[in-house]
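Trainee: Here you go, sequence then predicted model.
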Amino acid sequence: MVLDLNSDLGEGFGIWPLTDDDALLDIVTSANVACGFHAGDPTVLRRVTERAAQRGVAVGAQVGYRDLAGFGRRFIDVDPAELGNDVIYQIGALDGFARVAGTRVRYVKPHGALYNAVAHHTAQAEAVVEAVRTYDPDLPILGLPGSELLRLADEAGLPTVAEAFADRAYTPEGRLVSRREPGAVVHDADAVVARSVRMATEGTVTAIDGTEVETRPRSLCLHGDTAGAVDLARRIRAGLLDAGVELAPFA
């Protein structure tokens with residue numbers, strides 16, 4: 001079993017840091033780097049892409065709504081054509097810094113509310129897919145299994161990568177429980193590690209109602225903006241390695 005570990009990085013802005021990017025870059029194999037719309041600024045983007053390149057960590061563009069104040073976690077009913085242009089703009093910005101660092105953007109992952117929206121919002125999912133296809137038809141899209149995003153990306157001939165979340169609760173339909181709902185984030189470290197190993201080795205996770213949901217991820221997301229995130233990420237990595245899982249980027 002080969003698994004990628006990804007985390008959302010570069011989510012500071014100016015003098016305000018959010019994640020411990022350096023520590024997480026020593027743990028993960030892929031970095032979903034904020035592109036400036038929900039977080040990040042040019043200096044942050046350059047620093048994170050350079051340090052990812054130094055460590056051999058794959059750089060992915062984490063594209064989101066134009067929503068700094070809401071950290072990209074508020075749905076915006078944006079015109080699909082405008083959304084597509086926003087996605088191209090964000091990929092291009094990050095790709096510029098990645099190339100300066102001696103690497104390139106190797107995949108695309110939507111962030112926050114956009115990630116949740118394109119699971120079912122066909123028009124916005126189409127806009128994201130068309131933007132990625134127009135920018136680079138060889139760029140993989142990382143997303144939720146069974147989502148409109150991955151279905152449409154597959155139809156468009158784009159590489160798709162199924163993702164699971166180490167510390168997020170699932171609905172019986174395989175969607176993520178809204179952060180507005182209680183229990184949306186799993187905080188017990190032992191439970192998170194056990195869930196991660198099970199998703200990697202068995203391809204299943206227990207939903208919030210106790211039912212079993214098939215996941216079979218190629219990449220596992222480790223959130224970096226929760227309390228104790230670095231220690232938890234280290235424990236997850238160790239648990240996966242102990243279970244015989246090989247860790248490597250998918251792109």
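Mentor: Structure's in. What do you need? From a predicted model like this one, the values you see are computed outputs, not experimental measurements.

Trainee: distance of Cys221 from Val100?
Mentor: 26 Å (C-beta to C-beta, to the nearest Å). Backbone N, C-alpha and C define where each C-beta goes, glycine included.

Trainee: Those two: who's more crowded?
Mentor: Shown here are Cys221 and Val100; by other C-beta atoms under 10 Å, Cys221 has more neighbours (23 against 13).

Trainee: Give the other helices and strands that the longest helix anywhere in the chain contacts.
Mentor: If you go by DSSP state H, the chain has its longest helix at helix 80-100. Packing partners of helix 80-100 (3 or more C-beta pairs under 8 Å, 6 or more residues apart in numbering; DSSP states H and E): helix 42-55, strand 58-63, strand 105-110, helix 122-135.

Trainee: Would you mind writing the CA trace of that helix as CSV?
Mentor: This file holds the C-alpha atoms of helix 80-100, laid out as CSV (Å, rounded to 0.1, in the frame of the first residue of the first chain):
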residue,chain,number,x,y,z
PRO,A,80,-18.8,29.9,-13.0
ALA,A,81,-16.8,31.8,-15.7
GLU,A,82,-15.5,34.2,-13.0
LEU,A,83,-14.7,31.2,-10.7
GLY,A,84,-12.7,29.6,-13.5
ASN,A,85,-10.7,32.7,-14.0
ASP,A,86,-10.0,32.9,-10.3
VAL,A,87,-8.8,29.3,-10.3
ILE,A,88,-6.4,29.9,-13.3
TYR,A,89,-5.1,33.1,-11.6
GLN,A,90,-4.4,31.2,-8.3
ILE,A,91,-2.6,28.2,-10.0
GLY,A,92,-0.5,30.6,-12.1
ALA,A,93,0.5,32.7,-9.1
LEU,A,94,1.7,29.6,-7.1
ASP,A,95,3.3,28.0,-10.2
GLY,A,96,5.4,31.1,-10.7
PHE,A,97,6.9,30.8,-7.2
ALA,A,98,7.2,27.1,-7.5
ARG,A,99,9.2,27.4,-10.7
VAL,A,100,11.5,30.0,-9.2
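
Trainee: gap between it and the chain center?
Mentor: 16 Å (C-alpha atoms, centre = their mean, to the nearest Å).

Trainee: And stretch 107-119, by the same measure?
Mentor: That offset, for stretch 107-119, works out to 8 Å (C-alpha atoms, centre = their mean).

Trainee: Need the three-state assignment for Gly40.
Mentor: Per DSSP: H, G, I helix; E, B strand; the rest coil, the local secondary structure of Gly40 is coil.

Trainee: From what I see, it and Gly10 are in contact.
Mentor: Yes - counting by C-beta atoms under 8 Å, Gly40 touches Gly10, with 4.7 Å between them.

Trainee: Name the residues contacting each of those two.
Mentor: Residues touching both Gly40 and Gly10 comprise 33-34, 48, with contact defined as C-beta atoms under 8 Å, 6 or more residues apart in numbering.

Trainee: can you tell me which of those residues lies nearest to Asp26?
Mentor: Set against Asp26, the nearest of the shared contacts of Gly40 and Gly10 by C-beta to C-beta is Val48 (13.2 Å).
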